[in-house]
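Chemist: Here's a sequence, model it:
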Amino acid sequence: MNEISASRGGSKGGAEAEEEEPWADEVTGVLLALVLLSHKQYLQAPLLPEDMPEEARTLELWNAPFALLVHDDSKAQALEYANKQALAMLGIGGFEDIYNHAAPDFVDDDAAQQQEWLWASAEVEDQYKHTAVIPQMRFRKQPPAGSPAGQKGAAVVAKNVQLFRVDSLEGDPIGTAMLIREWR
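Modeler: This is a model prediction of the structure:
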């Protein structure tokens, strides 16, 4: 499994301090803790072993064998987190590049795929469910750097894409997590 860990950079202090990985910062750690709590609440199972030390969770999620993406609850659905597998699956160069994208940017342009995304997003926002599973979803990788304008990236087909609401500690929705365990 690839594990997720969040950070937007920064130093640990001192003359010999090393730069933190951008996916390993405190803000991302808090976001991922909320993702883990929401996964357990809405999917009735922990995503990681419950006895895992808190400081290890971010790294575990970053390196997890599944793709994990988290977007905010705005209408644009701006990406807030993507683990190593998600970055590779979608052809995103690095963690900090996610801030230039929204989750729908990667959904295939096909009308049926767009409709499936809209349905799943509405299910996650539903008053009772807060989860959805898309049996098969086609995504588009980001085109390689230097590609002609308008060129589409390669198709990626994912199966059983799980979406679930991510809540604050107060129970207010703050975003949606997308968990993908199988793609080609």
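Chemist: In contact with the spatially most central residue of the chain, which residues?
Modeler: The residue lying closest to the centre of the chain (Cα atoms, centre = their mean) is residue 69, at 0.7 Å. Listed by Cβ atoms under 8 Å, 6 or more residues apart in numbering, the contact partners of residue 69 are 79, 81-83, 86, 103, 177-178, 180. In this view, the C-beta of every residue, glycine as well, is placed from N, C-alpha and C.
Chemist: Any chance of those in JSON lines with distance to residue 94 as columns?
Modeler: Below are the contacts of residue 69 laid out as JSON lines (distance: Cβ to Cβ, whole Å):
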{"residue": "79", "distance to residue 94": "13"}
{"residue": "81", "distance to residue 94": "13"}
{"residue": "82", "distance to residue 94": "10"}
{"residue": "83", "distance to residue 94": "12"}
{"residue": "86", "distance to residue 94": "12"}
{"residue": "103", "distance to residue 94": "18"}
{"residue": "177", "distance to residue 94": "20"}
{"residue": "178", "distance to residue 94": "19"}
{"residue": "180", "distance to residue 94": "19"}
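Chemist: Please check the residues you listed and keep the buried ones.
Modeler: 79, 81-83, 86, 103, 177-178, 180 (16 or more other Cβ atoms under 10 Å).
Chemist: got these as CSV, with secondary structure columns?
Modeler: Shown next, in CSV, are the buried ones among the contacts of residue 69 (DSSP: H, G, I helix; E, B strand; the rest coil):
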residue, secondary structure
79, strand
81, strand
82, strand
83, coil
86, helix
103, helix
177, strand
178, strand
180, strand
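Chemist: Mind naming the longest helix for this protein?
Modeler: Counting by DSSP state H, the longest helix found in the chain is helix 26-43.
Chemist: which helices and strands sit right next to the next helix or strand after it?
Modeler: The C-terminal neighbour of helix 26-43 among helices and strands, as given by DSSP states H and E, is helix 54-62. Where contact means 3 or more Cβ pairs under 8 Å, 6 or more residues apart in numbering; DSSP states H and E, helix 54-62 is packed against strand 3-4, helix 26-43.
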